[in-house]
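**Q** I'll drop the sequence and a predicted model, then ask my questions.
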Amino acid sequence: MNTDLEKAKQYFEAGLTLIKQKDFISAEENFSKALIFLPDRLSILINLSATLVQLEKWSEGEQICQKILALESNNCDALLNLSICLLHKNEQAKAIECLEIVIANDLYLDSAWANKGIIFYELNDLIQAEKCFENALSINPSSEEALVGRGNLRNEKKEYLPALEDFNAALHLNPANSQAKWNKALSLLRLGNYEDGWKLYESRWEISGMREHKLHINSPLWLGDESLKNKVILIHAEQGYGDTIQFSRYIPLLEGLGAKVTLAAQKPLVDLMKTISPSVKVISFEDVGQKAILDTIDYYCPIMSLAMAFDTTLKTIPKKTPYLFSTPEKNLVWHNRITRSQSLKTQEEKLFRVGITWSGSGHYAGRSNLKRNISEQEMATFINSFSGQKIEFHSLQIEKDKNESLLSLISSNLKTHDQSIQNFSDIAALIMEMDLIMSVDTANAHLAGALNKPTLLFIPDPPDFMALTDTNKSHWYPETTILRQKNRGKWDEPLSSAAAIVNELMNPQDISK
């Protein structure tokens, strides 16, 4: 009869094999079974904690790490894994405390310095992050974590070519490093190298936060090679609303190849997406798994892979706009609503109408941050500077609290519509009633561009990869002008430029004089 030790060893060794195979779900099962027989064996607990980190089970991982530390208070493996769990639970201060204990016990542990650098980077403390990454690399020049971390840091400092060097160095050490591939892809796209960038962008399916959106269906993946004549292809949304809007421009090109297109979009976008083409079948992404749909599909393609499938370069971006439209029914509803909202005094006057979006979702450039947002105070100051003029601002924001916060700071001139907006087809019709759109880098900016509406797009410093690095004209939307921060976190210059543009549009110079 097997002893408890032998049974535990059997499950433990199976778990180690499964880790090498990257089957972390099965590895967790085996380590958990091993613990039934040896509940306090450190080797089992440490490997289980590492497996839980891979599975992104942060709370469970924290519990196992705490159990290890109860048995061995300064266990470096447990402290390192615990710091990762705490970071992802937004407990950065506690995560740094764990790493400081590790470093106090082993000053030359490069992984502790690399992890500490990652936390400071997430906290936007670039000076401390750089020191940590440099320490890690001085100890171990082959630290992949530190190279990728420093590469991201360099991108944040707009040192784009040195950042690429770091990602390339990490890939030289390990060509399968998914974080290095992903961040190199973003770097290449940011620098306008679409030929290589879109190919490497396919590595997103290895990255947490994106791989969860990958479809697993029996139909083959189409990336541009096979003929689509008389074939049905499913194009599915995968990331944000703005991404779906931006890349839906490729749908008519698919029809031009003879394809019958089914587009699975996020529910708030479904009505809007139906305006791309009357022959495109548009469904909600939530319904994509229905047998009646999957049985008709010959191929599928994630919507952001279309850029690679069509060999997109900066010169070959499909720029025909508009490619999305507001419907006549919605146009009538919103025209009447906007007209009724005018005061009796101004109904006979021609007002210059500006649609504004100053805040996004709280995530930007792949991270949780507010860097793209313009504060309500700054936006209020901008609006108040036009007091008394024949101008009317309309909020495109759907969040009631944000609208109320801005309304409390202004004297006049702002209309809000959060109670009336049901989906993006409403926002499209509202945009069409405007003379100009001003927006931070969010879905409304993409929608305005897709509708071919004159748009001022506010881009933070440093920019997201899709905004390139220095152009003031969008390569994707012909009527969009980019207003970039000159200094990190400062919107005064872009807002000043916007004010000058608005004044010029309201009071055009008579060139005949």
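**A** Looks like it arrived, so ask away. In this text the structure is predicted, and so the values were computed from the model without any measurement.
**Q** For the chain, give me the ranges with low pLDDT.
**A** Applying pLDDT under 70 to the chain picks out residues 1-2, 342-348, 362-369, 510-513.
**Q** Mind jotting down where the strands sit in it?
**A** With DSSP state E as the definition, the chain shows strands at residue ranges 232-236, 260-265, 281-284, 299-302, 352-357, 363-364, 367-368, 391-395, 414-415, 436-440, 455-459, 480-484.
**Q** Highest mean neighbour count out of the ones you listed?
**A** Among these, the stretch with the highest mean neighbour count (mean count of other CB atoms under 10 Å) is strand 436-440, at a mean of 25. (Each C-beta comes from the backbone N, C-alpha and C, glycine too.)
**Q** that older thread, of all the strands of the chain, which one comes closest to residue 59?
**A** Checking the strands of the chain against residue 59 by CB to CB gives strand 367-368 as the closest, at 18.3 Å.
**Q** possible to save the strands of the chain as a markdown table with distance to residue 51?
**A** Shown next, in a markdown table, are those (distance: least, CB to CB, whole Å):
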| stretch | distance to residue 51 |
| --- | --- |
| strand 232-236 | 30 |
| strand 260-265 | 33 |
| strand 281-284 | 35 |
| strand 299-302 | 28 |
| strand 352-357 | 42 |
| strand 363-364 | 27 |
| strand 367-368 | 25 |
| strand 391-395 | 47 |
| strand 414-415 | 53 |
| strand 436-440 | 40 |
| strand 455-459 | 40 |
| strand 480-484 | 44 |
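**Q** Quick one: closest of these to residue 4.
**A** Across the strands of the chain, residue 4 has its closest neighbour in strand 367-368 (44.6 Å, CB to CB).
**Q** didn't residue 148 look like it was pressed against residue 177?
**A** Yes - contact criterion CB atoms under 8 Å: residue 148 and residue 177 qualify, at 7.1 Å.
**Q** and for the two, which residues touch both?
**A** Counting by CB atoms under 8 Å, 6 or more residues apart in numbering, the shared contacts of residue 148 and residue 177 are residue 170.
**Q** okay, these two: which has more neighbours?
**A** Neighbour tally, residue 148 and residue 177, criterion other CB atoms under 10 Å: the higher count belongs to residue 148, 27 against 21.
**Q** And the more buried one, how far from residue 496?
**A** Counting by CB to CB, to the nearest Å, the gap from residue 148 to residue 496 is 37 Å.
**Q** Kindly report the same for residue 291.
**A** 57 Å.
**Q** What about residue 82, how many residues nearby?
**A** 30.
**Q** since we're on residue 102, how many residues are nearby?
**A** Residues lying near residue 102 (other CB under 10 Å) number 24.
**Q** Double-check it against residue 80; I have them as touching.
**A** Yes - using CB under 8 Å, residue 102 is in contact with residue 80, at 6.3 Å.
**Q** Which residues are in contact with each of those two?
**A** Common neighbours of residue 102 and residue 80 (CB under 8 Å, 6+ apart) are residue 112.
**Q** Which among the strands of the chain is found nearest to residue 36?
**A** Closest of those to residue 36 is strand 367-368, at 37.8 Å (criterion: CB to CB).
**Q** Am I right that residue 466 is in contact with residue 186?
**A** No - contact criterion CB under 8 Å: residue 466 and residue 186 do not qualify, at 9.2 Å.
**Q** Any figure for the gap between residue 147 and residue 132?
**A** From residue 147 to residue 132 the distance is 13 Å (CB to CB).
**Q** Equivalent analysis for residue 91, please.
**A** In this view, residue 91 and residue 132 are 18 Å apart by CB to CB.
**Q** These two - which one has more neighbours?
**A** residue 132 (27 against 17).
**Q** Now do the same contact list for that one.
**A** Residue 132 makes contact with 113, 114, 116, 117, 120, according to CB under 8 Å, 6+ apart.
**Q** Please report how far the second one lies from residue 44.
**A** To residue 44, residue 114 is 26 Å away according to CB to CB.
**Q** can you give me the offset of the lengthiest helix in the chain from its chain's centre?
**A** Determined from DSSP state H, the single longest helix within the chain is helix 4-20. When distances are taken as CA atoms, centre = their mean, to the nearest Å, helix 4-20 is centred 39 Å away from the chain's centroid.
**Q** And for stretch 445-454?
**A** With CA atoms, centre = their mean, you get 19 Å for stretch 445-454.
**Q** measure that stretch end to end?
**A** 10 Å (CA to CA, to the nearest Å).
**Q** List of residues touching that stretch?
**A** Stretch 445-454 is contacted by residues 241-242, 245-246, 248-249, 272, 321-326, 355, 357, 424, 427-428, 431-432, 434-437, 439, 455, 457, 474, 476-481 when judged by CB under 8 Å, 6+ apart.
**Q** repeat that with 7 Å
**A** If you take CB atoms under 7 Å, 6 or more residues apart in numbering as the criterion, stretch 445-454 is touched by 242, 245-246, 321-324, 357, 424, 427-428, 431-432, 434, 436-437, 439, 455, 457, 474, 476-477, 479-480.
**Q** Using neighbour counts, pick out the buried residues of that stretch.
**A** By 16 or more other CB atoms under 10 Å, the buried positions in stretch 445-454 come out as 445, 446, 447, 448, 449, 450, 451, 452, 453, 454.
**Q** now, the most widely separated pair of these?
**A** The span of the buried residues of stretch 445-454, defined through CB to CB, is set by 446 and 454 at 14.5 Å.
**Q** Wait, residue 281 touches residue 259, no?
**A** No - between residue 281 and residue 259 there is no contact, the gap being 11.4 Å when judged by CB atoms under 7 Å.
**Q** and which of the buried residues of stretch 445-454 is nearest to residue 97?
**A** residue 445 (40.5 Å).
**Q** And for the residue nearest to residue 252 when sequence neighbours are not counted, the neighbour number?
**A** With CB to CB, 6 or more residues apart in numbering as the criterion, residue 252 has its nearest non-adjacent residue at 6.1 Å, and that residue is residue 277. Neighbour count of residue 277, defined by other CB under 10 Å: 16.
**Q** any idea how far residue 261 is from residue 231?
**A** Using CB to CB, residue 231 is found at 10 Å from residue 261.
**Q** which residue ranges form the helices in the stretch 101-250 of the chain?
**A** 110-122, 126-139, 144-156, 160-173, 178-190, 194-200, 241-247 (DSSP state H, counting those that start in this stretch).
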